[in-house]
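Participant: any chance you could fold what I've pasted below:
(chains A and B)
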Amino acid sequence: QKEVEQDPGPLSVPEGAIVSLNCTYSNSAFQYFMWYRQYSRKGPELLMYTYSSGNKEDGRFTAQVDKSSKYISLFIRDSQPSDSATYLCASRDFNKFYFGSGTKLNVKP
Amino acid sequence: DSGVTQTPKHLITATGQRVTLRCSPRSGDLSVYWYQQSLDQGLQFLIQYYNGEERAKGNILERFSAQQFPDLHSELNLSSLELGDSALYFCASSVGSRQSNYGYTFGSGTRLTVV
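Facilitator: Down below sits the predicted model:
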């Protein structure tokens, strides 16, 4: 079992839709959770991060962690074509990051 | 521009060959990390160097090696290449030796194709 599992998609939504991206993780010791966005032919860029359980909001983006179910979510409100990218969730233990395989999102105009 | 520079952007080579990928970290960053991204395995951590010394090792094959030079740039050497080594190779950097709680800055990657 991989440390972080993510549905690869692709996920296609119309502009303005609410997008929900999800991951599960296996190690209950994970405390730090991140979402990266990766545009085509670019490296991943840190989008949001959270510590432990709870929600964190940044503009149209909300990151949510439920440690009881080992579930990580990213919500995008009022999605835009510029949000079209691959989204990777990640977590870490003391020494290493573990990335999901990424979900490809396409927001249609 | 993330500030992490990787060269070359693309590389096509034959099986059995050896290639070197280069990374220059962001100004002021002392740690360099190498990652491999393939369609079936996702983003896999290979190795970390801090200020010239190996600090952490991930799923790096014995055919692969890396080093970090006094000017802090790093090279990833891939030898006896196989078709399965075709992937995107990313370099990332951070200031400290311990991995930042929330991640680090990635370069744009080198796309390696082994034919």
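Participant: and stretch B:52-72, how far out from the chain's middle?
Facilitator: Stretch B:52-72 sits 8 Å away from the centroid of its parent chain (Cα atoms, centre = their mean, to the nearest Å).
Participant: can you tell me what sits against that stretch?
Facilitator: A:95-96, B:24-25, B:29-32, B:34, B:36, B:44-51, B:74-81, B:97, B:99 (Cβ atoms under 8 Å, 6 or more residues apart in numbering or on different chains). Where C-beta positions appear, they are placed from N, C-alpha and C, glycine not excepted.
Participant: per-residue pLDDT of residue B:104, please?
Facilitator: Note on residue B:104: pLDDT of 82.
Participant: name the element the nearest residue to residue B:34 once chain neighbours are set aside belongs to?
Facilitator: Using Cβ to Cβ, 6 or more residues apart in numbering or on different chains and skipping residues adjacent in sequence, the residue nearest residue B:34 is residue B:46, 4.2 Å away. Following DSSP states H and E, one finds residue B:46 within strand B:42-50.
Participant: which positions within that strand qualify as buried?
Facilitator: By neighbour count, with 16 or more other Cβ atoms under 10 Å in any protein chain shown as the criterion, the buried positions of strand B:42-50 are B:42, B:43, B:44, B:45, B:46, B:47, B:48, B:49, B:50.
Participant: repeat for stretch A:49-63
Facilitator: Using 16+ other Cβ under 10 Å as the test for burial, stretch A:49-63 gives A:49, A:50, A:61, A:62, A:63.
Participant: pLDDT check: weakest of the buried residues of strand B:42-50?
Facilitator: Here the lowest pLDDT out of these sits on residue B:42, with 81.
Participant: for that residue, list each beta-bridge partner.
Facilitator: For residue B:42, the beta-bridge partners under DSSP bridges are residue B:38.
Participant: show me which residues of chain A sit near chain B.
Facilitator: Chain A has residues A:2, A:6, A:32, A:34, A:36, A:41-46, A:49, A:51, A:88, A:90, A:92, A:95-97, A:99-102 near chain B, with proximity defined as Cβ under 8 Å from any Cβ of the partner chain.
Participant: so which of the residues you listed are in strands?
Facilitator: Counted as lying in strands by DSSP state E, out of the residues of chain A next to chain B, are A:6, A:32, A:34, A:36, A:45-46, A:49, A:51, A:88, A:90, A:92, A:97, A:99.
Participant: my read is that residue A:16 contacts residue A:76, right?
Facilitator: No. Contact criterion Cβ atoms under 8 Å: residue A:16 and residue A:76 do not qualify, at 10.7 Å.
Participant: measure the residue sitting nearest the centre point of chain B to residue B:79 for me?
Facilitator: Centrality entry for chain B: nearest residue to the mean C-alpha point is residue B:34, 3.0 Å, by Cα atoms, centre = their mean. Relative to residue B:79, residue B:34 is positioned 15 Å away (Cβ to Cβ, to the nearest Å).
Participant: same deal with residue B:45?
Facilitator: Distance, residue B:45 to residue B:79, using Cβ to Cβ: 20 Å.
Participant: show me where pLDDT drops low in the chain?
Facilitator: Picking chain A for this. Counting by pLDDT under 70, the ranges of chain A that qualify are A:95.
Participant: try again with chain B
Facilitator: B:97-102.
Participant: chain A contacts on that one?
Facilitator: Neighbours of chain A within chain B, by Cβ under 8 Å from any Cβ: B:2, B:4, B:41-45, B:56, B:58, B:90, B:92, B:99, B:101-103, B:105-109.
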